[in-house]
Structure formats: structure tokens, C-alpha cells
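Colleague: prediction below, plus the sequence it came from.
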Amino acid sequence: MKHKFYAISIALASLYSCQQSQALKVNTESVAEQTKTADIDSMKVLSDTTGLNNAPIKIFSTKLSSKVVDTVDQPADNLNHKGHFGRFITIKVKYKNISSKRIIGARLIWLIVDEYGKPVPVGNSKLGNQMGYMGSLAEPEMDFSFAIGETRTDEWEYTSNSGQNIRLAYPQEVEFYDGAKWKIGKK
């Protein structure tokens, strides 16, 4: 009798364990699928970052600050806010020339998200990605010289009603004094 009870107990424990394992597997897969979908959705707003590990510019830090301003004296496209007030965000980026050449132009890109990590409209971009241009890559071209080993901090300002954080920032394109260029992405 003890032997039959023991065999039945083992069989029930195995069955219970198998059911728990299957239930756990189903739950884990659904979480993984949700995470994968969220990652793919947020990646739609980014460019190809192949080769970023060879970038001649290293970004050390980013900071986002915001303020509400009276837009009466601002361009007409800023007047679509209630009253005449709009929310502006300032992007502050600290970066360094880690290449062996002087840089005369650069384009940095960053992704602005809300408090939940979702990309938000910023300036004229609906997807939260914005760029900072310097030197020969700016429109119009501006005087810019970034020496070997130099570190600098620059700021850009945009309109955004919901931008809270900078999710990521990286250099996208760089032009050197000798005319050579570096750009991320597949060649």
C-alpha cells in the first residue's frame, strides 16, 4: 500500500511540475514577445547605428531641461498652444573628439521620450528623434573647429509638450579638416 501511495504521489508531483513548467513557459514567452515588440517599435525612429563603436566623437553626458515661455514674439508655428505659452526643452550634450584629426563638422542625434519611455513629438519631428548640427554639416554652414582631444558642451532648444528624458544620443556623421568623412550605418 505504501508503495502504491508513493508511486501515485510521484506521478501527481510530476504532473503538477510539468503543468507549472508549461504555464511558466507560456507566461515567459508572452513577456518576451511583448518586450521584443516594444524594442522593435522604438527602433523605427532610429537610424542604422552600424559602426558606432568606431565613432570619432564620444558623448559623455546628456541633459534635458524644460521651461514654459510666452510665445507671442516667437514664430507663428509656436502659437498653436493654449494662450500664447509653449513648452521648450533644452538639450545639453557633453562630447569629446577622440579621433586623431581636427573635426570641422558634426551631426549628433538623440531620442527624446516621455516619462514612460515612449518617443514623443519634438520640434518638427513626430518621432522624438532630433539632431544637432555643427560646422560644415549645419545649414547654413557655420564656423566650427573641434581639436583632437577637445571636450565641449553644446545646447539645442526645441518645442515639446511631453519630452521628459533623452533615451540615447550618438554621433551620426563627422567631417574632418582634410575632407574625409565618417558616418554610421552600412556602407
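Modeller: Alright, I've got the coordinates. Numbering: from 1, shown residues only.

Colleague: helices and strands of the chain: which one has the lowest mean pLDDT?
Modeller: helix 2-43 (a mean of 42; mean pLDDT, DSSP states H and E).

Colleague: need the three-state assignment for Leu137.
Modeller: Secondary structure of Leu137, reduced to three states by DSSP: H, G, I helix; E, B strand; the rest coil: coil.

Colleague: surely it and Ile109 touch.
Modeller: No: between Leu137 and Ile109 there is no contact under CB atoms under 8 Å: 11.7 Å. Backbone N, C-alpha and C define where each C-beta goes, glycine included.

Colleague: and those two? Which one has more around it.
Modeller: Leu137 (22 against 18; other CB atoms under 10 Å).

Colleague: need the phi and psi values for that one.
Modeller: phi -90, psi 0 (degrees, to the nearest 10).

Colleague: do you know the pLDDT at the spatially closest residue to Pro119 that is not a sequence neighbour?
Modeller: Ranked by CB to CB, 6 or more residues apart in numbering and with sequence neighbours excluded, the top spatial neighbour of Pro119 is Gly128, at 3.1 Å. Among the per-residue scores, Gly128 shows a pLDDT of 81.

Colleague: same check, this time on Lys58
Modeller: 96.

Colleague: Pro119 too?
Modeller: 92.
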